[in-house]
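Engineer: got a structure for you, letters missing:
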Ligand code: NAP
């Protein structure tokens, strides 16, 4: 028997035929609304909202296999009430996202965007001892807001760069502390002591807007803010103003509150490195994410437990 399933059309090129064995696939493009019907599984991208209305329109649905580790695009409470399993794609994207976080940290600290623009413009007049001076990382403090899989991977990479690591998370991370010398602190101390503040917590009611006018005002003058978590952790207007006023040293962002729109004031702000949500965008990782999403679907349709459920 073949199972009717909805899969984001953008995943077609990342999937092998055997991963679709026994499935009767309807491909849906990102700009198409979620259809109504008898599908038993859906594999959405993070840009597709799957809420109460969508779940009601899919009465036979057994699993939402989100193709991302973050699942703020799924109403998990509504899904649980309807006994619909929700899965994500943890671990396989940790290194890719941690690497990209470091690309942003280094690009901010060493002013790579300004440097590239200077070379491209043809206005570079040669080596100058005071040209494009950046921030030396050794001896400075990296603050991690959220120290789960990705936050810890970013922290582990900080050790060879000679940064002291502090972090805020709900629970202590003894292995991480032992391996990196990191110290757990409360959010106010994280703000006050970080030379580089990097966000790695999910988007939840507690974390939304946690970087705002007031908290930006408590950061060190000249500090670097990096966000590869979710855009709505930051109040973007407040960030743009802090950059315009020169209070913040730089901001490296991969994610935005209203993707793919970026607040014009933030896009125009000085000393930013703005990327188009490419944290997990490596060939290997994207294939593995699609593979895990489909493996979750296949397991659930065989009556087995999902590999990576977001609730138990
Ligand atoms: P994870 O392992 O679940 O880690 C999340 C961390 O956030 C945990 O340390 C957790 O603390 C902490 N946290 C949650 N709520 C908090 C709060 N209110 N205050 C302080 N800390 C809090 O998730 P992950 O795999 O590292 O992924 C992190 C996020 O990165 C995802 O949710 C996703 O949105 C984002 N992401 C983005 C990209 C991209 O393309 N840019 C790629 C992958 C992931 P405890 O450990 O104490 O519970």
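Structural biologist: Alright, I've got the coordinates. Model, not experiment: these values are computed from the prediction.
Engineer: rest of the way, CA atoms for contacts and neighbours
Structural biologist: Noted.
Engineer: what does the protein have sitting close to the ligand?
Structural biologist: Residues of the chain lying close to the ligand by C-alpha under 6 Å from any ligand atom are 69-70, 90, 93, 97, 145-151, 168-171, 200-202, 206-207, 228-230, 254-255, 277-280.
Engineer: which of those residues count as buried?
Structural biologist: 69-70, 90, 93, 97, 145-148, 150-151, 168-169, 200-202, 228-230, 254-255, 277, 279-280 (16 or more other C-alpha atoms under 10 Å).
Engineer: I'd like to know which of those residues are part of helices.
Structural biologist: When those are checked against helices (DSSP state H), the matches are 97, 150-151.
Engineer: Three-state assignment for residue 131, please.
Structural biologist: coil (DSSP: H, G, I helix; E, B strand; the rest coil).
Engineer: Report the separation between it and the ligand.
Structural biologist: Distance of residue 131 to the ligand, computed by C-alpha to the nearest ligand atom, to the nearest Å: 31 Å.
Engineer: again, but for residue 164
Structural biologist: Taken as C-alpha to the nearest ligand atom, the span from residue 164 to the ligand is 18 Å.
Engineer: got it, and residue 54?
Structural biologist: Taking C-alpha to the nearest ligand atom, one finds residue 54 at 22 Å from the ligand.
Engineer: for residue 33, same thing?
Structural biologist: Distance from residue 33 to the ligand, by C-alpha to the nearest ligand atom: 23 Å.
Engineer: Next: residue 130.
Structural biologist: 34 Å.
Engineer: Could you do residue 273 as well?
Structural biologist: Counting by C-alpha to the nearest ligand atom - residue 273 and the ligand are separated by 14 Å.
Engineer: ok, now residue 114?
Structural biologist: 23 Å.
Engineer: before we move on, what about residue 1?
Structural biologist: 35 Å.
Engineer: That residue: how many residues sit nearby?
Structural biologist: 6 (other C-alpha atoms under 10 Å).
Engineer: How confident was the prediction at it?
Structural biologist: Here the pLDDT value assigned to residue 1 is 74.
Engineer: can you tell me which residues contact it?
Structural biologist: residue 22 (C-alpha atoms under 8 Å, 6 or more residues apart in numbering).
Engineer: all helices of the stretch 51-200 of the chain, in order?
Structural biologist: 52-57, 76-81, 94-109, 112-121, 149-158, 174-180, 187-193 (DSSP state H, counting those that start in this stretch).
Engineer: Using JSON lines, lay out the ones you listed together with mean pLDDT.
Structural biologist: Conversion of these to JSON lines gives the following (pLDDT from 0 to 100):
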{"stretch": "helix 52-57", "mean pLDDT": "98"}
{"stretch": "helix 76-81", "mean pLDDT": "98"}
{"stretch": "helix 94-109", "mean pLDDT": "99"}
{"stretch": "helix 112-121", "mean pLDDT": "98"}
{"stretch": "helix 149-158", "mean pLDDT": "98"}
{"stretch": "helix 174-180", "mean pLDDT": "98"}
{"stretch": "helix 187-193", "mean pLDDT": "98"}
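Engineer: quick one: which of the ones you listed is nearest residue 312?
Structural biologist: helix 76-81 (9.4 Å; C-alpha to C-alpha).
Engineer: Which secondary structure elements does the closest one sit against?
Structural biologist: Counting by 3 or more C-alpha pairs under 8 Å, 6 or more residues apart in numbering; DSSP states H and E, the packing neighbours recorded for helix 76-81 are helix 52-57, strand 85-87.
Engineer: With mean neighbour count and distance to residue 102 added, can I get these in a markdown table?
Structural biologist: As requested, the helices and strands packed on helix 76-81 are exported to a markdown table (neighbours: other C-alpha atoms under 10 Å; distance: least, C-alpha to C-alpha, whole Å):
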| stretch | mean neighbour count | distance to residue 102 |
| --- | --- | --- |
| helix 52-57 | 16 | 37 |
| strand 85-87 | 25 | 27 |
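Engineer: what's the closest of the ones you listed to residue 123?
Structural biologist: Across the helices and strands packed on helix 76-81, closest to residue 123 is strand 85-87 (C-alpha to C-alpha), at 51.0 Å.
Engineer: elements contacting that closest one?
Structural biologist: Strand 85-87 packs on strand 63-65, helix 76-81, going by 3+ C-alpha pairs under 8 Å, 6+ apart.
Engineer: which residues are contacting stretch 284-297?
Structural biologist: Contacts for stretch 284-297 (C-alpha under 8 Å, 6+ apart): 11, 14-15, 19-20, 41, 43, 63, 65-68, 87-89, 92-93, 96, 280, 306-308.
Engineer: how about it: buried residues?
Structural biologist: For stretch 284-297, by 16+ other C-alpha under 10 Å, it's 285-297.
Engineer: Would you point out the most distant pair within these?
Structural biologist: 285 and 297 (18.5 Å).
Engineer: What segments of the protein are strands?
Structural biologist: 3-8, 23-28, 41-43, 63-65, 85-87, 141-145, 164-168, 183-184, 196-199, 224-227, 250-253, 272-274 (DSSP state E).
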